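> here is the input, now give the coordinates:
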Amino acid sequence: MALKLVVATDTPKGTEVWRRRFAEAMPGDQVQAWDPASPDSRADYAIVWQPPEAFFRRVSGLKAVFNLGAGVDRLMKLPSLPRDLPVVRIEDGGMADQIAEYVAHALARVSRDFERYEAHQREGSWKAHAPITYAHWPVGVMGLGVIGRQVAQTLAMLGYPVAGWSRSARQVPNIETYNGPQGLHDFLARTRVLVNLLPLTPDTENLIDRDLLSRLLPEAYLINVARGAHLVDQDLLDLLDQGAMQGAFLDVFREEPLPKSHPYWTHPKVRITPHIAGITLASESLTQIIGKLDRLRQGLDITGIVSRTDGY
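Residues are numbered from 1 along each chain as shown. Sure, this is the predicted structure:
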């Protein structure tokens, strides 16, 4: 049975690129780019990334919408998104390896004193410091989805004591896990390096605030690779300035691009990157979505359907 697909992204160029990819990979199906200037249309499935508000008002007949990325927070906030329309997210899409590598890099920079060695090089100073004691750097990973589990296991293989926290109980081989409000308290109390990989939902927005960060071990360090809205920026800046935290490595921000006037640009204890920790790989996403469309075509179940209650 041939399918009719419609593609919509945040730019006309992006829409056409993805339309062409799916059209080439699915020659027996009809794949069209959504044109906001065209009459209302019908399709079986939509493939989107930050589509315009009008999209769901103008396309009818949809059985599900596939999001070209793991983060669905912006899509779920669209008022025009039908409440009964299944939303399917990318599960990894090649991002898990990239993010695990990114977090390992950020962790090594602080735990191995690489910034001090870079300063020594600028000074022309040949000086060695004490070797790392991994037990002094307990890591806590918030969010134990596909990516969070890989990050936790990667860091554990490097020798760091790693624990994970999630809202509901999760089991991860060789990783100590916590869940729920009481579990969060115990999780923070044993964590020095906090890695945020939570989905952004109304319950997790502004979760990383002064109170939460203050419950970490002394000389704590934050690595945020999830969403900027998880973090209360001013609370982090205050704790850094007060010496209550050692530093932060941030890849995501409330406003992107990060405004030139933002204090993160020049803060001596903050390192930033432009939302590049994990970039969705086109080939991985294409293969995953086509595989799920084929299962739906056969009347089979698929994974990655977003819970409207939990928001992920």
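> which residues touch residue 122?
Applying Cβ atoms under 8 Å, 6 or more residues apart in numbering, one finds that residue 122 lies in contact with no residue. To be clear about C-beta, it is placed using only N, CA and C from the backbone, and glycine gets the same treatment.
> state the three-state secondary structure for it.
Look at residue 122: counting by DSSP: H, G, I helix; E, B strand; the rest coil, its state is helix.
> from residue 116, how far out is it?
As for residue 122, its distance to residue 116 is 11 Å (criterion: Cβ to Cβ, to the nearest Å).
> what do you get for residue 223?
For residue 223, the distance to residue 116 (Cβ to Cβ) stands at 19 Å.
> looking at the two, which is more packed in?
Applying other Cβ atoms under 10 Å to residue 223 and residue 116 shows that residue 223 carries more neighbours, namely 27 against 12.
> my read is the more buried one is in a strand, agree?
Yes - applying three-state DSSP, one finds residue 223 inside a strand.
> hmm, it is touching residue 252, no?
No - counting by Cβ atoms under 8 Å, residue 223 sits too far from residue 252 to count as a contact (10.7 Å).
> common neighbours of these two, please.
Common neighbours of residue 223 and residue 252, counting by Cβ under 8 Å, 6+ apart, are absent.
> for the stretch 201-312 of the chain, give me the ranges with low pLDDT.
Within the stretch 201-312 of the chain, not a single segment meets pLDDT under 70.
> helices along that one, start to end?
Ranges of helices within the stretch 201-312 of the chain are 210-214, 233-241, 282-297, based on DSSP state H, counting those that start in this stretch.
> can you redo these as CSV with distance to residue 39 and mean neighbour count?
Output for the helices of the stretch 201-312 of the chain, formatted as CSV (distance: least, Cβ to Cβ, whole Å; neighbours: other Cβ atoms under 10 Å):
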stretch, distance to residue 39, mean neighbour count
helix 210-214, 50, 16
helix 233-241, 44, 17
helix 282-297, 25, 17
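> of all those helices, which one comes closest to residue 70?
Taking Cβ to Cβ, helix 282-297 is the member of those nearest to residue 70, at 9.8 Å.
> by contact count, what packs against that closest one?
If you count contacts as 3 or more Cβ pairs under 8 Å, 6 or more residues apart in numbering; DSSP states H and E, helix 282-297 packs onto helix 12-25, strand 45-48, strand 64-67.
> so what touches that helix?
With Cβ under 8 Å, 6+ apart, helix 282-297 has contacts from 1, 3, 5, 21-22, 25-26, 45, 47, 63-64, 66, 68-69, 88, 90-94, 301-304.
> is it true that residue 8 touches residue 45?
No - counting by Cβ under 8 Å, residue 45 is not a contact partner of residue 8; they are 11.8 Å apart.
> between these two, which one's more packed in?
residue 8 (28 against 24).
> what about that one, distance to residue 18?
Distance from residue 8 to residue 18, counting by Cβ to Cβ: 9 Å.
> need the overlap of contacts for those two.
Here residue 8 and residue 18 share the contacting residues 47, 49, scored by Cβ under 8 Å, 6+ apart.
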